[in-house]
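build me a structure from this.
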Amino acid sequence: MSIEELLKNGDIHPFKATQAEINRAIEVARRDLATAEDVRKESLDWAYSIAYNAVLQACRANMFKLGYRPSGTEAHRVTFEFMQFVVEEPYRKSISYFDRARRKRHRTVYDEVGLITEVEAKELLKRAKEFLSYIEGKLKG
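Now for the predicted structure:
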């Protein structure tokens, strides 16, 4: 798969984001990271879900900056697929991790209570913070 194939399949489409749209996505990511930290003691499931959303929003900001937007019903999956093509090598493993988190987050939001462990929530929060910092650097460059 490639960006060209994602375009051809209708998974993404060209999008001319404004700087304000890019900034809003980053602001949501920052807010969600802070909120995830705040709720971690009350609900590991929600902390995990909110941290996941922070990562998704950072990815969306990067997609917007590069001139694309996901389309269709599988926007989360497509966003991570797209990101595999645009991040540097060390972060490709992080994208794979976040995609696995996407599937687990789906289960915890829709199917199972108490699925997320303290270790999993802490790990996702740690990686989400590192990734947001990386994306913020890319957006400045």
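
helix/strand/coil for the residue nearest the centre of the chain?
A centroid search over the chain (Cα atoms, centre = their mean) returns L56, at 2.0 Å, as the residue closest to the centre. Three-state call for L56 (DSSP: H, G, I helix; E, B strand; the rest coil): helix.

for R105, see how far away it is.
9 Å (Cβ to Cβ, to the nearest Å). C-beta coordinates here come from the backbone N, C-alpha and C atoms, glycine included.

same deal with V86?
22 Å.

more neighbours: the two, which one.
Taking other Cβ atoms under 10 Å, V86 and R105 do not tie; R105 has more neighbours (24 against 17).

tell me if the more buried one really is in a helix.
Yes: checked against three-state DSSP, R105 lies within a helix.

tell me the pLDDT at it?
pLDDT, R105: 96.

repeat that for E89.
At E89, the predicted lDDT confidence score is 89.

swap in C59?
C59 is given a pLDDT of 98.

what of G141?
pLDDT, read off for G141, is 72.

sorry, back to before: any idea how far K8 is from the residue nearest to the centre of the chain?
24 Å.

tell me which residues touch T18, please.
Shown in contact with T18 (Cβ atoms under 8 Å, 6 or more residues apart in numbering): no residues.

ok, it to F64 distance?
Plainly put, T18 is 9 Å away from F64 if you go by Cβ to Cβ.

can you check E136 too?
14 Å.

what is the burial count for the nearest residue to L6 once chain neighbours are set aside?
In this structure, L6 finds its nearest non-sequential neighbour in I12, 4.6 Å apart by Cβ to Cβ, 6 or more residues apart in numbering. Counted with other Cβ under 10 Å, the neighbours of I12 add up to 24.

which residues does I12 contact?
The contact partners of I12, by Cβ under 8 Å, 6+ apart, come to I3, L6, M63, Y68, R69, P70, S71, V78, F82.

the helix or strand that contains R100 packs against which elements?
Secondary structure from DSSP states H and E places R100 in helix 89-110. On a contact count with 3 or more Cβ pairs under 8 Å, 6 or more residues apart in numbering; DSSP states H and E, helix 89-110 meets helix 44-66, helix 75-86, helix 118-140.
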